[in-house]
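> Generate coordinates for the sequence data below:
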Amino acid sequence: MIRTFGGKLGTLAALLGFVLVVPLAGAGYMLVSTIRVANEALSTYADELILAWSLQEAYERKLASGRGFVIARDPALIRDYETAVADGDAVLGKLRQQVTSKQGVALLAEAVRMLTAHDQALRAVMAMNGSRDDRAAAWTRDVMPRAWQARNAMNAFIRHKQALHDAERAHLARAQREATLVVGGTALAAVLVALLGGGFLFRSAKRTYGAEKQARAAAEQERHFFHALLDQLPIGIVAADPSGRIMHVSSFARRMLEQDPDLPLARGLRGEVLAQEEMRSAGGRDYSVTAGPIRDQDGKTIAAVVAFVDISARKRGERERELFVGALGHDLRNPVQAISLAAKSLARKGDIPDVARKPVARIASSADRLNGLISELLDFASSQHGAIPLKPEKCELHRIASDVIAEIKLARPDRDIRVQPEGGCDGSCDRARMTQVFQNLLDNAVEHGDPSAPITVRTGGREDEIWAAVTNRGAIPAEERANIFEPFRRRTTSKGLGLGLYIARALVEAHGGTIAVDCQNDETAFLIKLPAQPGTKTAAA
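The predicted structure follows:
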């Protein structure tokens with residue numbers, strides 16, 4: 001009787017174990033299938049992200065080569081440009097084959113449209129035969145706005161793919177956790193069935209374990225494939241865990257580390273967010289570094305990744321260009337001054353024919369204007385190296401402004417320019433440099449302001465600060481206002497090199513001050529703030 005009860009109990013337990021095994025095994029199989037599908041989707045999103053980064057890198061190389069060719073006309077830069085174009089086209093072809101979602105296709109199409117518009121503008125500027133000033137103006141006007149639009153469109157596409165990748169990774173993590181629970185439950189049920197005479201549950205658990213093992217092998221194979229793919233990119237990539245232990249170094253990064261072991265990567269590996277920040281290593285090489293943390297689905301930082309590109313050649317070219325500009329301005333100054341002095345000497349003679357008097361005056365005026373452009377070039381070259389010399393002395397801003405206005409009114413007696421002192425504005429500054437600041441700001445107001453409205457220069461001061469505001473009728477368009485102080489950014493009606501406001505800002509900042517532009521009620525005001533005494537800093541305007 002006891003044996004019979006035990007046999008029935010064993011049979012009942014075996015049946016119960018079998019009932020548990022069937023749904024658990026089915027659930028395990030479904031979870032393994034889900035993991036396999038999630039791995040495939042994660043692999044696809046990773047491929048698309050890498051291709052998108054490669055397209056963005058090819059675009060940046062193309063922009064840098066085109067910019068270098070516009071300035072230097074070096075045939076080697078054309079070859080670099082065509083190589084970048086070919087790389088970008090190859091990557092774009094792969095992206096179009098892989099991207100299938102409706103939103104992804106739309107974002108990629110928008111990015112391609114922006115890149116195409118930028119390429120057309122870039123090729124047009126590169127094909128120009130005009131002077132370097134004309135090419136620089138066309139670059140600022142036609143290429144740079146489209147470059148920002150293209151970058152924004154590519155970033156939108158990358159953010160979309162990153163969101164899909166992160167969501168699929170979270171889905172895969174959940175499926176793996178659930179699979180672990182199911183496998184554990186299946187194993188327990190199999191033990192129950194085996195102990196009580198059931199062999200079916202053991203075989204089911206074995207199949208489940210085999211499927212899980214296969215899924216893990218597939219995930220490991222995918223990881224190796226992803227690392228191999230990273231090794232093919234012409235970008236240095238380094239990943240580290242929160243403790244600082246290096247998890248992965250791409251082959252390109254390894255070669256760069258062998259050449260320069262002091263790469264400035266510590267900030268990025270600490271998890272700081274960097275966006276194409278330019279850094280210099282102890283070995284004297286320049287790098288563009290992009291970095292950020294990698295977080296799990298709960299927002300916890302699990303790693304940090306750094307991507308970097310060697311831009312030493314480009315930075316060296318920029319420095320050489322600045323030195324060339326400075327040397328050119330310095331070498332041109334003496335002959336231009338000789339021309340100016342000769343023309344003015346002829347103009348003062350009373351015995352020159354009337355037919356020659358007007359050309360002589362024109363020569364003198366053109367020489368003065370050319371001398372002003374040379375001065376702007378020299379100031380620009382000095383500002384790039386932070387080497388603007390100052391000779392502070394006690395002076396009043398309203399008197400400096402009055403002297404500049406008197407000079408301007410000799411040439412433009414039709415313009416109404418006023419000075420309005422508001423309290424004490426005594427301070428210590430370089431009189432010649434501040435004269436240049438007012439000259440540039442007032443020339444800008446005369447050139448672009450409403451000729452029927454007055455131009456006003458207000459000055460004032462407090463105990464630790466002196467200030468001046470140059471106001472004219474007419475507002476600067478919003479799209480020009482953000483970059484108004486950048487070099488070589490000329491408005492459509494400008495006649496100079498586009499350096500006047502840039503140099504004004506450099507001179508104000510050399511004094512430890514700030515300058516800002518404000519447009520309200522169809523008026524433009526440039527506000528200058530300077531410390532009353534040299535060697536101190538004033539608050540941002």
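> low-scoring stretches of the stretch 401-541 of the chain, by residue?
Within the stretch 401-541 of the chain, the stretches with pLDDT under 70 are 425, 488-497, 534-541.
> what about the strands in it?
Secondary structure of the stretch 401-541 of the chain, counting by DSSP state E, counting those that start in this stretch: strands at 417-422, 426-429, 455-461, 465-473, 514-520, 523-531.
> Which of those strands sits closest to R295?
Distance to R295, taken as CB to CB, is lowest for strand 514-520 among these, at 37.7 Å. Bear in mind the C-beta positions are built from the backbone N, C-alpha and C, glycine included.
> would you list every one of the strands in this protein?
Per DSSP state E, the chain carries strands over the ranges 236-240, 246-249, 274-280, 286-295, 301-310, 393-396, 417-422, 426-429, 455-461, 465-473, 514-520, 523-531.
> now those strands as CSV including mean neighbour count and distance to I71?
CSV is the format used below for the strands of the chain (neighbours: other CB atoms under 10 Å; distance: least, CB to CB, whole Å):
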stretch, mean neighbour count, distance to I71
strand 236-240, 21, 27
strand 246-249, 14, 35
strand 274-280, 14, 18
strand 286-295, 18, 18
strand 301-310, 20, 20
strand 393-396, 14, 39
strand 417-422, 16, 37
strand 426-429, 20, 34
strand 455-461, 21, 35
strand 465-473, 22, 32
strand 514-520, 16, 27
strand 523-531, 21, 29
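> Would you reformat those strands as a markdown table and include distance to D134?
Listed next are the strands of the chain as a markdown table, based on distance: least, CB to CB, whole Å:
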| stretch | distance to D134 |
| --- | --- |
| strand 236-240 | 38 |
| strand 246-249 | 46 |
| strand 274-280 | 28 |
| strand 286-295 | 29 |
| strand 301-310 | 31 |
| strand 393-396 | 39 |
| strand 417-422 | 31 |
| strand 426-429 | 36 |
| strand 455-461 | 30 |
| strand 465-473 | 27 |
| strand 514-520 | 26 |
| strand 523-531 | 26 |
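> so which of those strands comes closest to G500?
Per CB to CB, nearest to G500 of the strands of the chain: strand 523-531, 11.2 Å.
> Would you check how far apart T44 and G88 are?
Counting by CB to CB, to the nearest Å, the gap from T44 to G88 is 21 Å.
> Looking at the two, which one has more neighbours?
G88 (20 against 17; other CB atoms under 10 Å).
> So which of the strands of the chain is nearest E222?
strand 246-249 (14.3 Å).
> Given that closest one, what are its sheet partners and their directions?
In the sheet, strand 246-249 lines up against strand 236-240 (antiparallel) (DSSP bridges).
> Dump the strand it pairs with to PDB, keeping only the CA atoms.
The C-alpha trace of strand 236-240 is given here as PDB (Å, rounded to 0.1, in the frame of the first residue of the first chain):
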ATOM      1  CA  GLY A 236      40.900  56.200 -33.000                       C
ATOM      2  CA  ILE A 237      38.400  54.700 -30.600                       C
ATOM      3  CA  VAL A 238      39.200  53.800 -27.000                       C
ATOM      4  CA  ALA A 239      36.700  52.400 -24.400                       C
ATOM      5  CA  ALA A 240      37.100  52.100 -20.700                       C
END
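> follow-up on the earlier one: out of the strands of the chain, nearest to I503?
Ranking these by proximity to I503 (CB to CB) places strand 514-520 first, at 11.0 Å.
> Tell me the helices and strands packed up against the closest one.
For strand 514-520, the packing partners by 3 or more CB pairs under 8 Å, 6 or more residues apart in numbering; DSSP states H and E come out as helix 478-481, helix 500-510, strand 523-531.
> gap between P335 and L341?
Distance, P335 to L341, using CB to CB: 11 Å.
> Quick check, central residue of this protein?
Nearest residue to the geometric centre of the chain (CA atoms, centre = their mean): Q276, 5.7 Å.
> for that one, what are its contacts?
Neighbour list for Q276: 288-290 [criterion: CB atoms under 8 Å, 6 or more residues apart in numbering].
> so W467 makes contact with P531?
No - in this structure W467 lies outside contact range of P531 using CB atoms under 8 Å: 10.7 Å.
> Dump the strands of the stretch 401-541 of the chain into TSV; add distance to V446 as well.
Listed next are those as TSV, based on distance: least, CB to CB, whole Å:
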stretch	distance to V446
strand 417-422	8
strand 426-429	23
strand 455-461	7
strand 465-473	8
strand 514-520	16
strand 523-531	12
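> For A303, which of these is the nearest?
Nearest to A303 among those is strand 514-520; the distance by CB to CB comes to 40.4 Å.
> Alpha carbons only: can I get the closest one in CSV?
Taking C-alpha atoms only, strand 514-520 is exported to CSV below (Å, rounded to 0.1, in the frame of the first residue of the first chain):
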residue,chain,number,x,y,z
THR,A,514,33.8,92.7,-23.2
ILE,A,515,31.9,93.8,-26.2
ALA,A,516,28.3,92.7,-27.2
VAL,A,517,25.7,93.6,-29.8
ASP,A,518,22.1,94.2,-29.1
CYS,A,519,19.3,94.9,-31.7
GLN,A,520,15.9,96.3,-30.5
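> Give me the phi and psi for E463.
Phi and psi for E463, reported as degrees, to the nearest 10, are phi -60, psi -40.
> what's around it, how many residues?
E463 - counted by other CB under 10 Å - has 6 other residues nearby.
> what's near enough to touch the residue lying closest to it once chain neighbours are set aside?
Computed as CB to CB, 6 or more residues apart in numbering, the closest residue to E463 that is not its neighbour in sequence is A532, at 7.1 Å. Applying CB under 8 Å, 6+ apart, we find A532 in contact with 426-428, 461-466.
> Equivalent analysis for I405, please.
Counting by CB under 8 Å, 6+ apart, I405 makes contact with 417, 419, 442, 457.
> what about the residue nearest to the centre of the chain, distance to M126?
Where M126 is concerned, Q276 sits at a distance of 23 Å (CB to CB).
> Point out where the stretch 101-250 of the chain drops to low pLDDT.
In the stretch 101-250 of the chain, residues with pLDDT under 70: 179, 182-183, 185-205, 219, 223-234.
> Mind doing that once more with 50?
Low-confidence segments of the stretch 101-250 of the chain (pLDDT under 50): 198.
> Using the record's domain definitions, break this protein down for me.
Per automatic domain parsing, the structural domains of the chain span 2-233, 235-310, 315-384, 393-531.
> Going along the chain, name the helices of this structure.
Ranges of helices in the chain, per DSSP state H, are 2-72, 75-98, 102-126, 132-138, 144-195, 200-231, 251-259, 266-269, 312-348, 354-384, 397-411, 431-448, 478-481, 500-510.
> Give the other helices and strands that the fifth one contacts.
Going back to what we said before, that points to helix 144-195. helix 2-72, helix 102-126, helix 200-231.
> Determine how far it lies from the middle of the whole chain.
30 Å (CA atoms, centre = their mean, to the nearest Å).
> ok, now which ones touch D416?
With contact taken as CB under 8 Å, 6+ apart, D416 is in contact with 453-455.
> Next one: P359 from A347, what distance?
When P359 is compared with A347 (using CB to CB), they lie 10 Å apart.
> Please say which of these two ends up with more neighbours.
Between P359 and A347, counted using other CB under 10 Å, the more crowded position is A347 (14 against 11).
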